[in-house]
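S.K.: have a look at this prediction, sequence included:
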Amino acid sequence: MKNININVDHVTRVEGHGNIVVNVKEGKIEECKWEVVEAPRFFEAFVRGRSYLELAHITSRICGICSIGHTLCSLQATEAALGVKISEQTRLLRRILIQGENLQSHVLHAYFLAAPDFVGAPSVFPLVKTHPEVVVRALRMKKLANDLCDVFGGRTVHPITPTVNGFTKLPGIKEIKAIRQRLAEAVPDLEATLELFKTLKIPDFKRETEYISLKSKEEYALYDGVIASTDAGTTPVENYRSWTNEYLVPHSTAKYTKHVRDTYMVGALARFNNNHDQLSPQAKKAAEELGLQAPCYNPFMITVAQVVEAVHAVFEIIRLIDEVLDKGLKEEDRRILLKGGKGVGAVDVPRGILFHDYTYDKNGICLEANCIIPTNQNHANIQKDMEALLPQILDRPQEKIRLSLEMLVRAYDPCISCSTHLLQVKFV
Amino acid sequence: MKPKIAFFDFASCEGCQLQVVNLEAEMLDVVGAVDIVQFREAMTEKSDDYAIAFVEGSITREKDIPRLKKIREQAAILVALGACATIGGVNCLKNFQPLDEVRKYVYGDKADWYETFPARPIDAVVPVDYYIHGCPIHKDELLKVVKSLLLGKKPEIPTYPICVECKRAGNVCVFELGSTCLGPVTRAGCGAWCPTHRDNCAGCRGLVPDPNTNAEKEVLKKYGLTVDQAVGQFRIFLGYAEVAK
Ligand code: SF4
Ligand code: SF4
Ligand code: SF4
Ligand SMILES: [Fe+2]
C-alpha cells in the first residue's frame, strides 16, 4: 500500500502564501489540508479613526491585484453610509474601471499563472524562449488593460482619481478614443487566446457546490446589484452577513465562510453559472467554443470562465466607452453634506464578490469596519475540492498528485494578500 | 554572467511585485539581462543562490525576523521595494492602537492565534542597500534602479520634494482647490503622480531628508500648517516615523 507525503510550503504563482499538506499512510488518507499562512494585516481595525476621504486609499492597499475593486467597493460603502447618491456619469466610469481590472487580472492569471501548468513549465519565463509569440501577446493584452485603467483611474495599481461622489480628475476624451481604438484592434489577440485555451486539457473533475455572485437586471453584474445564489435566490447586499457567516479555523490566518452548504464558490465560474445569459454574444460564443456550459461544477474550469469574461470585458468596455463618447463628460460638483451612518458596498471583483461595511460618526470619521474578501469565501470550498479530488488520483505518482492539487488551488486564482495573504503546499 | 535576482515578500499587498510584472514591454529586456531565481508570485522554480534581493513588505511578526536575516546574509545587495519595506507604509497604522485590541477587533476570542508586533520597515531589522520608494513603486524608477544596479552604479534617488515635480508639470496646486498636500515635504521621484491627477500627495515616498529646513515647507506655512501637523494628518504611509518620534 502506498505512502504519500506532500508538503508544499508556499504554493507558487498565486498571490500570497498558502500550503498544501497531504499525508497518506498505506493507502489511507490521514491528512489533506489547505492552510493559509499569510501574515495578518488588520485593516478593519486600523481604518477606525480615519476620515471618509481616506478609506478607499487605505483599503485599496489590502491587495495590489484587486486594488480597483477594493477602491470601488470602499467608495460604495462610504457613499451608502453617508447617503450619497452618485451620478450616472460616475457609475458609468466606475463600470468601465471594474471591467478593466477584470480584463487585466484574468489575462495575468490565465496566461502567466495558470497556463504554465498546462504546458508543463514551472513559470512563464521559460515560455519567453519556447513560446515567445504567446508571451508577447499576453503582455500586449495586459498592457492594454493596464493603460485603460491608467486612463480611467489615474493608476492601475491603487487608482488615484476615484473618490467619494466622483473623480478628482476625469479621463480625457482623446485618451479614451485611443483606448477604444486599441480595444477594437485587440480582437485578433482574443481569437488567438481562444485558440490557445481550446488546446489546453482541463482535468476532468466535478463537485457541485453553491455558487454566489452579484446579479443585476441591467447587465452581467460586476459593479452593483443584489447577491445571488444557485441554492437560495437573491437578497440585498445589506444582508451579506447572514449569507457569508465568517468563522475561523486554527490552521489558517484567513477567515472562512459558509452559507446554505458547508462551502460555496465565488469568482468567474460562480458569476458564469449565475449570469451567463447576460454575457455579450461574443463571450457566449467563446464559452461555447471552449466547452463551458452552465451549470459547470468543475473548479478547473474557473480559468476558462476567466477567458470568457476577458472576451466579455473587451466588448463591454467598447460599449460603455461609446456611451461615454455619446454623452460626453462634464465636471460635477462632488461636495456632500457630511453626516454619520452605516453602509455596505458590494462589487464582484476578479476573484469574486467583495463586501465592505463601514460606520461613520457625524464628522465622517470611521468607527467600525468589516471587509469580506473573495478568496476567504473560497478557502473552505478549496478544502472540500481537495478532499474530493485526492481519492480520485491516489493511484498516481506523488509528483503528479502534488501537481494536480497545486493546479486545483491555482485554478481558484487565490489572492491571499487579500484574504490576509498566502499559499503553500505541504505533503508531510 | 547574468546577476541572479530574487524577490521576497513580507506583510504587503504584493502591488509592488505586480508593478514589476507590469513592466510588460520592458520586462522581456529585463528578463533577458538578469537571471530571476526566485519570484514566488510568478514562478515555481527557485534557488537560494542569488546576489540581489528585492524585498517587499513590512516586518510584522517575530517569525519574519530570522527569514529576513537569512535573505540579508545571502544577498550582496538588498533592495527595499515599496513603502511597506522602505518606510513601513500602511501596515504601521495599526501601531497607533493597542495591538491586543487590534487583534481582538479582527479575530475576536481567537485573537491569540494571530501573532503580531508593531509593523516596521526592513531597515529597522537589517541594513538595506537601496530603496525603491512609493506605494506602489513607479515603473520608471524601478527600471532606473535596475539599470544602475546592472551597471554596478549607485542609483540616484531625488532628495528634493514633490512640489518641484508638481510645478514642473504645470499643475494647479491642490491647496488652491481647498485640499491639504504633503508634497512640500515628500521625496520626489514619482512625477507628482497624485497632484497631477488633482489629488493630494499623501507622502507614500517618505519625507525628504531635511523636512524642517526644506524650502518648500513655506508652502505649508502659507496654509497655516507645521510639518508635524501636516504629517499627522497623513499618517496613511508615514505612521512608523511618526510613532518613532
Ligand atoms: S508599498 Fe503599497 S503597493 Fe507596495 S506592497 Fe506595500 S501596500 Fe502594496
Ligand atoms: S503642495 Fe502639493 S499640489 Fe501644491 S505644488 Fe506642492 S505637490 Fe503640488
Ligand atoms: S504624489 Fe505623493 S502620495 Fe502620490 S505617489 Fe507621489 S509621493 Fe506618493
Ligand atoms: Fe486580491
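M.R.: Ah, there it is. Ligands and ions are numbered 1, 2, ... in the order given.

S.K.: A:Ile382: what secondary structure?
M.R.: helix (DSSP: H, G, I helix; E, B strand; the rest coil).

S.K.: that one and A:Arg410 touch, don't they?
M.R.: No - in this structure A:Ile382 lies outside contact range of A:Arg410 using CB atoms under 8 Å: 10.3 Å. C-beta: built from backbone N, CA, C; applies to glycine.

S.K.: return the residues of the stretch 251-400 of chain A in contact with ligand 3.
M.R.: Taking CB under 6 Å from any ligand atom, no part of the stretch 251-400 of chain A reaches ligand 3.

S.K.: in contact with the residue of the stretch 251-400 of chain A found nearest ligand 3, which residues?
M.R.: Going by CB to the nearest ligand atom, ligand 3 is nearest to A:Arg334 of the stretch 251-400 of chain A, at 19.4 Å. Residues near A:Arg334 by CB atoms under 8 Å, 6 or more residues apart in numbering or on different chains: A:Thr163, A:Val164, A:Asn165, A:Gly166.

S.K.: list the residues that contact the second one.
M.R.: When contacts are counted by CB under 8 Å, 6+ apart, A:Val164 is found next to A:Tyr52, A:Leu53, A:Ala56, A:Leu75, A:Thr78, A:Glu79, A:Leu82, A:Val84, A:Arg334, A:Ile336.

S.K.: repeat the analysis, applying 6 Å as the threshold.
M.R.: A:Thr78 (CB atoms under 6 Å, 6 or more residues apart in numbering or on different chains).

S.K.: what of the last one?
M.R.: Going by CB under 6 Å, 6+ apart, A:Gly166 touches A:Thr90, A:Glu332, A:Arg334.

S.K.: among those residues, which ones are in strands?
M.R.: Taking DSSP state E, every one of those sits outside strands.

S.K.: ok, of the residues you listed, which one's closest to ligand 2?
M.R.: Nearest to ligand 2 among the contacts of A:Gly166, with distances taken as CB to the nearest ligand atom, is A:Arg334, at 17.6 Å.

S.K.: how much space between that closest one and B:Gly15?
M.R.: Per CB to CB, to the nearest Å, A:Arg334 is found 26 Å from B:Gly15.

S.K.: try B:Cys163
M.R.: 25 Å.

S.K.: for B:Asn200, which non-adjacent residue is closest in space?
M.R.: B:Cys181 (4.2 Å; CB to CB, 6 or more residues apart in numbering or on different chains).

S.K.: nope, B:Val21 is what I was after
M.R.: The nearest residue in space to B:Val21 (CB to CB, 6+ apart) is B:Ala42, at 6.2 Å.

S.K.: tell me how many other residues surround that neighbour.
M.R.: 21 (other CB atoms under 10 Å in any protein chain shown).

S.K.: show me chain B divided up by domain.
M.R.: B:4-150, B:162-244 (automatic domain parsing).

S.K.: want to try a markdown table for those domains, with mean pLDDT and distance to A:Gln293 as columns?
M.R.: Formatted as a markdown table, these follow (pLDDT from 0 to 100; distance: least, CB to CB, whole Å):
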| stretch | mean pLDDT | distance to A:Gln293 |
| --- | --- | --- |
| domain B:4-150 | 90 | 31 |
| domain B:162-244 | 90 | 43 |
